[in-house]
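Asks: need coordinates for the following:
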Amino acid sequence: ALRRNDVTAAVPLLEQAVRLAPDSARAHQALGDAYGVSAQKAGLLSKLGWAKKCLASYETAVSLAPDVVAYRLCLLAYYAQAPGIAGGGRDKALATVREIQRLDPIQGGLSLINLHVSDKAWPEAFAVLEPLLAAYPDHGEFHYQFGRLASLSGLHRDRGIVFLRRFLAASPTPGETSRVQAHFRLGTLLEW
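Replies: Coordinates of the predicted model:
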């Protein structure tokens, strides 16, 4: 039901799943997703209630499985998007990124870059990316990210072109950014 975006059906089913398996971090995370979609679809007066349920479900998932990065990524997305009145905020997002970095330096680095991008803090994003490129020189996603940052900011355009061409020349790996996106970013840089 959640995959069909039918939250009317998904919410009660996932609430039942949580009742039947209260120690299932995956069930809490899925319920948080359903609450989050419900919050997005809700009218102004009920958004906050759904949002707080979403946050509580994500926090429970993280407390049940603190070493699972995927659950922390859900919590990060919530903190980064939700206003302070709903429990979100940049400080909470940064603290969550630090935990993700501790568990997975690559995913944590990408998450921190994305936080800086959302603030259009280009120098800070490049400052996070440079040591990652040095530590993981063959990691294709970091090549793409450099080109992405260059195309969004207009900074370091020549290096961005080099990194995007390197990304496009390598064989794709599962979970990596699509080649279509890389071509788009390269086109943006060449247009500059």
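Asks: CA atoms for contacts and neighbours, from now on please.
Replies: Noted.
Asks: phi first, then psi, for residue 170.
Replies: Residue 170 adopts backbone torsions of phi -80, psi 160, taken as degrees, to the nearest 10.
Asks: elements contacting the helix or strand hosting residue 165?
Replies: Here residue 165, judged by DSSP states H and E, is contained in helix 157-169. Contacts defined by 3 or more Cα pairs under 8 Å, 6 or more residues apart in numbering; DSSP states H and E place helix 157-169 against helix 140-153, helix 179-191.
Asks: tell me which of those helices is the most buried.
Replies: Most buried of these, by mean neighbour count (mean count of other Cα atoms under 10 Å): helix 140-153, with a mean of 24.
Asks: and the helices in this structure?
Replies: Assigned by DSSP state H, the chain shows helices spanning 7-20, 25-41, 44-64, 69-81, 90-103, 105-118, 122-135, 140-153, 157-169, 179-191.
Asks: contacts for the first one?
Replies: Outside helix 7-20, the residues within contact range by Cα atoms under 8 Å, 6 or more residues apart in numbering are 1-2, 24, 27-28, 30-31, 34-35, 37-38.
Asks: now it: mean pLDDT?
Replies: The pLDDT scores in helix 7-20 average 96.
Asks: and if you look at the fourth one?
Replies: Taken as a whole, helix 69-81 has an average pLDDT of 97.
Asks: stretch 103-118 now?
Replies: The average of the pLDDT scores along stretch 103-118 is 96.
Asks: ok, stretch 51-63 next?
Replies: 97.
Asks: pull out the buried residues from the contacts of helix 7-20.
Replies: Neighbour-count burial (16 or more other Cα atoms under 10 Å) applied to the contacts of helix 7-20 gives 2, 24, 27-28, 30-31, 34-35, 37-38.
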